[in-house]
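>>> below is the sequence, then the predicted model.
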Amino acid sequence: MSGTPPAKPAEKSTEPWRQRLIRSLLYGRNVDRAAKARARVGLAMLAFALIYTLIGSRLVMFAIGADAHSARRAASQEVVATARPDIVDRNGAILATDVKAASMFGEPRRIIDKDEAIELLTATVPDLDEAEVRERLSSRKGFVWLKREITAKQQLDIHKLGIPGIGFLRENKRVYPTGNEVAHLIGLVNIDNQGIAGMEKWLDNQGLADLHRAGFATDRLQKPIELSVDLRVEHALRDELSKAKEKFHAKAASGIISNVKTGEIVAMVSLPDFDPNNPKEAHDPDRINRLTTGVYEMGSTFKAFTLAMALDSGKINLNSSWDARGNLHYGKFTIHDSHNLGRFINTKEVFTYSSNIGAARIALNQGVEAHKAFLAKMGQLTRLRTELPESAAPLVPRRWGELNTVTIAFGQGLSVAPLQAVMGINALMNGGYLIPPTFMKRSEEEARAMAKRVIKQETSDKMRYLMRLNAEIGTARSADVKGYYVGGKTGTSEKVINGRYAKKRVLNSFTAIMPSDDPKYQILVMLDEPQALPETHGFITSGFNAVPTGGKVIERIAPLLGVEPRFDLPPADRLILAASRTTQ
């Protein structure tokens, strides 16, 4: 027998077969595990080195181009954020809307030959300022605007040049399809599509600007803003005012059409106006909105307030008598009438003959404090606030004495915005309710909820009677358009030039209502410094220019407003006063 001991059987491995399989796949068979570990560590180090090299290179790239990319991204976000809702008239006609327009920008760090780029760009877009473009492209900024709102052809031509570092962004551009038609009402925006005047500015003040800053007002699905204005009526009013301004060689012309029962402004025109698509025109100081930012002595239209005050007090009636036999002397001042009747006149004649003497005596009969309190109640002594940001405070005497009451009684010595005078006259006509004017759509129910009674219904009836009587036999006869039962009051106010009233430079006004038995609309027409014509026989007073202009406006707008003509109606004393007595 051999001395070699028998071989022992190999120990059976207790390692599960799954682990053996994984170990074999990872390490193989008969491999030095220490060498393999060193290789794995080296591989891991190489992988980390590659990763950090990549991260470092990307950081360098971001450091070089961060300004341009972030600026472009910020500009792009701002462009989207300046989307604005459409503004439409009461019938849905678009007055202001957004369209997309391309704007050209530059990335100075990417432009290889700046001189060549400047030469090509200024040749393609002639209105580019070469010095300004050179200054911007020579900066160290990553992003600069070169031209906002370029045309599609200009964009195509520039694109064909293939200049590195010149690009385009799509912006929202505000456009006004109606041009000048509603300029003073709509207002306008700046180059960044932010409202700077009119209803556009009001819209931003209502929270749109905050939404833009928060990045929420970014879509074109915003609900349209519905105004009270009727574009058809606006066009008719503007057309007639333009014709009158040209015919009478007036310095300016303006007008308002207001819903007596709701306070809605259906039309508002102030000439000369501007095209909001051409913002430079808006800076002309002669193109202000004279109806809200201007304050004027309204002349004899203010006699309506004087008579309403006295009638509402119950101290006088329509037949009360007033001494108009001669001029009224008050201190060193003399009050006279343009048509001196030389006799006692009643309250109705004070209105229809537009007697300054009669109005002054009526106001003195009421007293200074009562007069002042009544005008304050009618909203004539404080600034009128509406949706329009542009407004002016009235010019009220610092010390209000008897002489002030005498002159203010016939419309001198107190200057108000024409729109607030319209508000007060509305209250005299609608049954006695003072309703704040608005440029937004408003129902009669909504108006009644905010209305404030300022005179009695009976007083309102008498004032409507006087307005109609003035169109039948008084100074408003040339505006009595048949079928519409028009009422009205004229006003001729001498302008103050160098501290003195100038007799040949006047501001004429005419306020009308239709129909007088149940007023729905008030129309105000104003002509600034109209000139005499042969057909006016040398006269420049309201009855020869503002009144016939008002008649032409009424003739055109009444059908548009749905006021149906009625013929063969009885005179005012039978239709208005008689109906008033039967309802009391």
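Arrived safely.
>>> count of neighbours near Leu328?
For Leu328, the tally of surrounding residues (other Cβ atoms under 10 Å) stands at 18. All C-beta spots, glycine's among them, are computed from the backbone N, C-alpha and C.
>>> enumerate every residue touching it.
Contact criterion Cβ atoms under 8 Å, 6 or more residues apart in numbering gives 334-336, 356-357, 360-361, 406 as the residues in contact with Leu328.
>>> quick check: Val563 touching Tyr484?
Yes: counting by Cβ atoms under 8 Å, Tyr484 is a contact partner of Val563 at 6.2 Å.
>>> show me the strands in the stretch 451-584 of the chain, by range?
Per DSSP state E, counting those that start in this stretch, the stretch 451-584 of the chain carries strands over the ranges 452-453, 487-497, 500-514, 521-528.
>>> just how off-centre is the third one within its chain?
Meaning strand 500-514. Centre-to-centre, strand 500-514 and its host chain are 26 Å apart (Cα atoms, centre = their mean, to the nearest Å).
>>> packing partners of it?
Identification of packing neighbours for strand 500-514 by 3 or more Cβ pairs under 8 Å, 6 or more residues apart in numbering; DSSP states H and E yields helix 418-429, helix 457-473, strand 487-497, strand 521-528, helix 546-560.
>>> dump that strand to CSV, restricted to CA.
These are the backbone C-alpha positions of strand 500-514, laid out as CSV (Å, rounded to 0.1, in the frame of the first residue of the first chain):
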residue,chain,number,x,y,z
ARG,A,500,-60.9,140.8,-18.0
TYR,A,501,-63.9,139.4,-19.8
ALA,A,502,-63.5,139.6,-23.6
LYS,A,503,-66.8,140.2,-25.4
LYS,A,504,-65.6,138.8,-28.7
ARG,A,505,-64.1,135.6,-27.3
VAL,A,506,-66.8,133.3,-26.0
LEU,A,507,-67.3,129.7,-25.0
ASN,A,508,-70.8,128.7,-26.2
SER,A,509,-72.7,125.7,-24.8
PHE,A,510,-76.1,124.2,-25.4
THR,A,511,-77.6,121.4,-23.3
ALA,A,512,-80.6,119.6,-24.6
ILE,A,513,-82.8,116.7,-23.5
MET,A,514,-85.1,114.4,-25.4
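>>> mind listing what's buried along that strand?
Of the residues in strand 500-514, 506-514 count as buried by neighbour count, 16 or more other Cβ atoms under 10 Å.
>>> same check, this time on stretch 144-163
Neighbour counts using 16+ other Cβ under 10 Å place 144, 146-147, 150, 154-155, 157-158, 163 of stretch 144-163 among the buried residues.
>>> do the same with stretch 564-584
Applying a neighbour-count criterion of 16+ other Cβ under 10 Å, the buried positions in stretch 564-584 are 569, 572, 575-577, 580.
>>> let me have the residues you listed in TSV, extended by pLDDT.
Output for these, formatted as TSV (pLDDT from 0 to 100):
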residue	pLDDT
Leu569	93
Ala572	94
Leu575	91
Ile576	91
Leu577	84
Ser580	66
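>>> what segments of the stretch 251-400 of the chain are strands?
Remark: strands assigned in the stretch 251-400 of the chain by DSSP E, counting those that start in this stretch are 252-259, 265-271, 296-297, 321-324, 328-330, 333-335, 343-346.
>>> what packs against the fourth one?
In other words, strand 321-324. Using 3+ Cβ pairs under 8 Å, 6+ apart as the contact criterion, the neighbours of strand 321-324 among helices and strands are strand 343-346, helix 347-352, helix 356-366.
>>> mind checking which of the ones you listed is nearest Val175?
Minimum separation from Val175 across the helices and strands packed on strand 321-324 (Cβ to Cβ) falls at helix 347-352, 47.7 Å.
>>> quick one, what contacts Pro279?
Contacts were defined as Cβ under 8 Å, 6+ apart; by that measure Pro279 touches 188, 190.
>>> grab the nearest non-local neighbour of Leu395.
Counting by Cβ to Cβ, 6 or more residues apart in numbering, Ser415 is the residue found nearest to Leu395 once chain neighbours are left out, at 4.0 Å.
>>> contacts only, for Leu318.
311, 346-348, 462, 465-466.
>>> and Val553, how many neighbours?
Burial of Val553 is recorded as 29 neighbouring residues (other Cβ under 10 Å).
>>> scratch that, Ala304
25.
>>> going forward, begin numbering at 669 instead of 1
From this message on, residue numbering opens at 669, which makes the last subject Ala972.
>>> correct me, but it touches Met1131?
Yes: taking contact to mean Cβ under 8 Å, the distance of 6.5 Å between Ala972 and Met1131 places them in contact.
>>> between the two, which contacts overlap?
If you check Ala972 and Met1131 against Cβ under 8 Å, 6+ apart, the residues they both contact are Leu1096.
>>> hmm, back to that, I'd like the strands of the stretch 1119-1252 of the chain written out as TSV, with distance to Ala712 and mean pLDDT added.
Putting the strands of the stretch 1119-1252 of the chain into TSV (distance: least, Cβ to Cβ, whole Å; pLDDT from 0 to 100) gives the following:
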stretch	distance to Ala712	mean pLDDT
strand 1120-1121	85	98
strand 1155-1165	93	91
strand 1168-1182	91	91
strand 1189-1196	88	98
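>>> pLDDT below threshold where in the protein?
Counting by pLDDT under 70, the low-confidence segments of the chain come to 669-683, 686-708, 710, 726-750, 875-889, 1248-1252.
>>> grab the most central residue of it for me.
Central residue check for the chain by Cα atoms, centre = their mean: the C-alpha nearest the mean position is that of Gly866, 2.5 Å away.
>>> hmm, back to that, which one of the contacts of Leu996 sits closest to Trp990?
Of all those, Trp990 sits closest to Arg1029, with 4.9 Å by Cβ to Cβ.
>>> wait, Pro892 touches Pro753, no?
Yes: contact criterion Cβ under 8 Å: Pro892 and Pro753 qualify, at 5.7 Å.
>>> of those two, who's got more company?
The residue with more neighbours, out of Pro892 and Pro753 and counting by other Cβ under 10 Å, is Pro753; that gives 18 against 14.
>>> from Ile762, how far off is that one?
If you measure Pro753 against Ile762 using Cβ to Cβ, to the nearest Å, the figure is 11 Å.
>>> circling back to that earlier point, buried subset of the contacts of Leu996?
Buried residues within these, defined by neighbour count using 16+ other Cβ under 10 Å: 1003, 1024-1025, 1028-1029, 1074.
>>> and the residues you listed as JSON lines, adding distance to Leu1063?
Compiled in JSON lines, those are given as follows (distance: Cβ to Cβ, whole Å):
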{"residue": "Ile1003", "distance to Leu1063": "21"}
{"residue": "Asn1024", "distance to Leu1063": "20"}
{"residue": "Ile1025", "distance to Leu1063": "24"}
{"residue": "Ala1028", "distance to Leu1063": "20"}
{"residue": "Arg1029", "distance to Leu1063": "25"}
{"residue": "Val1074", "distance to Leu1063": "17"}
